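Trainee: Sequence and predicted structure are below.
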Amino acid sequence: MSQNQLFEVELERVCPYGKNEQQDKQLLMEKCKKGISKFDPELISRAFDLCLLAHGKVKRSSGVPYYTHPMKVAISLIDEFGYADNETIAAALLHDVVEDTVDYPLEYIEEKFGKNIATIVDGVTKIKRSKTQQLDKAATYAKLFETLVEDLRVMLIKLADRLDNMRTLLFLPKIKQQVISDETLNFYIPFAQRLGLIKIKKALEILAFYFKDPEAYEKIRAELNVKRIELIKYIGQVDTQISESLTQKGIQHIITIEHKHPYEIYKKSKEKNIPISDIEDFYSLVVVLKTNDTSECYRAYGIIANIFGPVSSLVDYIARPKINFYRALHSTHFGPERRLIDVIIRTEEMDKIADSGIAAIYTMNKNKENLEDGIEISHKFQEEDVANWLRWMKEIIKNGDEDAIQKIWGSIRMNQYEKEITVLYEHKPVRLPYGACPIDLAFSISDQLGLHIISCKINEELKPLNYELKNLDKVSIITSDKCEPLPEWQNFVITHKATVKLYDYFNTQKEIEEEHIDEPANETYAVKFRIIGQDRAGMLKEITEAVGQTNILRINLSLNNNAFFEGAFTLNIKDEKHSNLIYTKLLSIKGVKVVEQLPDDEIML
């Protein structure tokens with residue numbers, strides 16, 4: 001690849017199809033014959049013919065016949081996704097028929113092509129019946145998400161559909177380009193990541209970033225090309241050193257340079273708040289071993305570490321693979337001139353999965369009829385969690401929440417584990433998305449732990465519940481039956497399980513309150529709390545705000561020890577729920593160690 005071609009956007013300015021329908025059909029049939037292990041030419045032929053008939057003389061914004069779009073989606077699944085079975089390719093050809101025409105409803109598809117193909121087509125068909133366009137979109141997201149439990153092939157078709165649409169986005173107005181790019185970044189790319197389709201994810205990210213902010217894209221692309229030219233000789237020297245050492249030890253291999261593309265650099269610059277010129281790890285050396293023996297990866301790593309001395313960092317995704325099936329050894333070394341070198345070591349099988357994820361796993365199980373048969377259940381979305389997550393999506397749509405799209409996007413983006421951490425709870429590893437807090441961890445273990453968490457220790461140190469967990473943190477969770485969730489917890493949890501459970505909890509509380517709204521209010525009564533903690537500036541102010549100044553009847557403070565805060569607060573309480581809420585708020589204050597309720601006759605300190 002020449003320096004001018006690096007990070008070029010793959011735009012389709014001229015469609016290669018659409019001039020001769022029969023030639024296009026023949027080309028597709030030939031690709032299917034090569035790409036489908038048990039090719040059914042009669043089925044694919046009928047699907048192509050209906051695609052032609054249904055879309056008729058309709059043209060795309062580019063002016064080419066519309067049938068070329070579903071045809072390209074089918075070809076992309078074969079050529080780029082590396083996945084094809086008869087049902088998926090037929091559904092890809094028919095994926096817009098129900099949505100864009102009135103003559104061929106879903107019942108017709110099921111009658112002519114069977115229930116499986118009809119179900120896939122239904123999964124990719126947009127909803128158009130809500131109050132607003134925004135809610136229609138949100139409902140479509142929820143529907144598409146629901147199909148993942150039943151058939152992952154729906155998402156493969158949607159991703160191939162989106163990839164073709166992004167490549168032809170230049171024919172749409174700029175405002176539509178930006179809206180579609182936003183949707184791609186926030187909804188579709190997280191699923192490509194989750195399914196291990198890294199090659200597709202990168203292609204979508206490059207296109208979406210280009211259309212969302214072309215000036216930023218071109219600026220970063222130019223800077224990366226300059227950095228590449230400056231370091232090309234250096235990278236070549238390092239490559240040679242590694243290659244010669246591995247060859248001497250009898251390890252057959254191929255080394256390639258994997259460049260981080262402009263959107264990856266843009267995100268890294270934003271996350272670390274540093275200029276692009278200060279980013280050193282804009283490339284990785286990928287060492288693919290010509291074997292599937294994982295022990296050879298560790299041997300290769302030892303050889304490379306001996307070349308450059310002590311390792312700066314090592315992440316072992318072989319011992320603990322990512323949730324999207326990815327496995328490799330990632331290490332960072334100080335090379336010549338103390339420059340950082342990223343090295344990725346993979347076997348041939350690992351390399352295929354790194355590019356194509358579940359499609360590669362299917363290819364390695366060629367005796368399977370389709371994708372669902374080729375993927376172990378442990379690699380699929382957990383049905384119960386998805387059901388609850390889906391119910392939450394549907395409820396916020398039903399309630400007419402105009403922020404539904406943003407909420408669904410945010411929840412999906414955070415829970416597809418693009419970045420993940422592992423924390424230790426009771427000496428056992430727990431995997432969570434990057435940015436998770438102790439409440440997320442608690443709910444991932446059990447509902448009761450999540451609903452009654454009052455505090456936590458991170459590496460033996462007390463931390464607030466909105467603390468952002470770090471990789472390999474050792475976490476202890478402190479609970480109390482008196483503790484109840486606080487509404488503000490919803491602002492900093494990110495896992496779908498915690499989001500849904502808190503949503504359900506506060507909805508239930510609201511319903512209970514509404515049921516009793518006409519009942520006479522209970523009389524208030526006095527409750528006394530003793531509060532002990534490490535004293536600091538502002539602690540008394542935070543305590544009075546937590547209990548509510550209007551609820552305070554009396555305060556008794558101890559003046560015996562300046563290092564510790566100790567006080568007894570007599571408070572006006574409505575009911576036990578009110579008391580538990582205050583108890584929870586007090587324990588969430590930094591420095592507070594003990595909160596206990598005193599008997600009526602024990603006040604003085």
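Mentor: Thanks, I have the structure now. Predicted model, so just to flag it, every value in this text is computed and none were measured. Numbers count the residues shown, from 1 in each chain.

Trainee: Okay, strands next: where are they in this structure?
Mentor: 253-259, 283-289, 311-316, 329-334, 340-347, 420-425, 428-433, 453-458, 461-463, 474-479, 525-534, 552-557, 564-573, 592-598 (DSSP state E).

Trainee: In a markdown table, list those along with mean neighbour count and mean pLDDT.
Mentor: For glycine as for every other residue, the C-beta is placed from the backbone atoms N, C-alpha and C. As requested, the strands of the chain are exported to a markdown table (neighbours: other CB atoms under 10 Å; pLDDT from 0 to 100):
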| stretch | mean neighbour count | mean pLDDT |
| --- | --- | --- |
| strand 253-259 | 14 | 92 |
| strand 283-289 | 20 | 94 |
| strand 311-316 | 13 | 82 |
| strand 329-334 | 19 | 92 |
| strand 340-347 | 21 | 93 |
| strand 420-425 | 17 | 88 |
| strand 428-433 | 15 | 87 |
| strand 453-458 | 20 | 87 |
| strand 461-463 | 14 | 83 |
| strand 474-479 | 16 | 91 |
| strand 525-534 | 17 | 87 |
| strand 552-557 | 13 | 86 |
| strand 564-573 | 18 | 87 |
| strand 592-598 | 15 | 84 |
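
Trainee: Out of those strands, flag the one nearest Thr584.
Mentor: strand 453-458 (6.1 Å; CB to CB).

Trainee: As TSV, the strands of the chain with distance to Thr101 would be great.
Mentor: As requested, the strands of the chain are arranged in TSV below (distance: least, CB to CB, whole Å):
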stretch	distance to Thr101
strand 253-259	43
strand 283-289	46
strand 311-316	50
strand 329-334	49
strand 340-347	46
strand 420-425	43
strand 428-433	40
strand 453-458	53
strand 461-463	57
strand 474-479	55
strand 525-534	68
strand 552-557	69
strand 564-573	65
strand 592-598	65
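
Trainee: closest one to Ser356 among those strands?
Mentor: Of all the strands of the chain, strand 340-347 sits nearest to Ser356, with 13.1 Å by CB to CB.

Trainee: relative to strand 283-289, how tilted is that closest one?
Mentor: 30 degrees (axes from the mean of the first three to the mean of the last three CA atoms, to 10 degrees).

Trainee: Give me the residues contacting strand 340-347.
Mentor: Identification of contacts with strand 340-347 by CB atoms under 8 Å, 6 or more residues apart in numbering yields 238, 242, 258, 280-281, 283-289, 291-294, 296-297, 300-301, 304, 308, 312, 327-335, 354.

Trainee: quick one: strands adjacent to it?
Mentor: Strand pairing for strand 340-347, determined by DSSP bridges: strand 283-289 (parallel), strand 329-334 (antiparallel).

Trainee: Compare those and report which one is nearest to Gly82.
Mentor: For those, proximity to Gly82 was assessed by CB to CB; strand 283-289 is nearest, at 16.7 Å.

Trainee: and that closest one, how far from the chain's centre?
Mentor: Mean-position distance between strand 283-289 and its chain equals 25 Å (CA atoms, centre = their mean, to the nearest Å).

Trainee: Extract the C-alpha trace of that strand and format it as CSV.
Mentor: Extracted in CSV, the C-alpha atoms of strand 283-289 (Å, rounded to 0.1, in the frame of the first residue of the first chain):
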residue,chain,number,x,y,z
TYR,A,283,0.5,1.0,14.9
SER,A,284,1.0,-2.6,16.1
LEU,A,285,3.3,-5.3,14.8
VAL,A,286,1.1,-8.4,14.3
VAL,A,287,3.1,-11.7,14.5
VAL,A,288,1.0,-14.5,13.1
LEU,A,289,2.5,-17.9,13.8
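
Trainee: residues in contact with it?
Mentor: The contact list for strand 283-289, computed with CB under 8 Å, 6+ apart, reads 228, 231, 235, 238-239, 242, 246, 251-260, 296-297, 300, 304, 341-348, 351.

Trainee: 7 Å instead, please
Mentor: 235, 238-239, 242, 251, 253-260, 296-297, 300, 341-348, 351 (CB atoms under 7 Å, 6 or more residues apart in numbering).

Trainee: Ok, stretch 242-258 next?
Mentor: Outside stretch 242-258, the residues touching it (CB under 7 Å, 6+ apart) are 235, 239, 283-290, 296, 299-300, 303-304, 307.

Trainee: Then stretch 572-589?
Mentor: Residues contacting stretch 572-589 (CB under 7 Å, 6+ apart): 454-455, 464-465, 482-484, 486, 522, 524-527, 531, 542-543, 546-547, 551, 553, 571, 592, 595.

Trainee: The closest residue to Ile180 other than its chain neighbours: neighbour count?
Mentor: Distances taken as CB to CB, 6 or more residues apart in numbering place Leu169 nearest to Ile180, at 6.3 Å, with adjacent residues excluded. Neighbourhood size, Leu169 [other CB atoms under 10 Å]: 22.

Trainee: Contact partners for Leu169?
Mentor: 177, 180, 211.

Trainee: who wins for neighbours among those residues?
Mentor: Among those, Phe211 has the most neighbours (other CB under 10 Å), with 24 neighbours.

Trainee: Against Phe171, how distant is that one?
Mentor: Separation of Phe211 from Phe171 (CB to CB, to the nearest Å) stands at 12 Å.

Trainee: Wait, Glu110 touches Ile120, no?
Mentor: No. Counting by CB atoms under 7 Å, Ile120 is not a contact partner of Glu110; they are 11.0 Å apart.

Trainee: residues in contact with the closest residue in space to Asp96 that isn't next to it in sequence?
Mentor: Spatial nearest neighbour of Asp96, excluding adjacent residues (CB to CB, 6+ apart): Pro70 at 6.0 Å. By CB under 7 Å, 6+ apart, the residues touching Pro70 are 51, 92-93, 95-96.

Trainee: same thing with Glu99?
Mentor: 125-126.

Trainee: What pLDDT is listed against it?
Mentor: Note on Glu99: pLDDT of 89.

Trainee: And Val73, by the same measure?
Mentor: We have a pLDDT of 98 for Val73.
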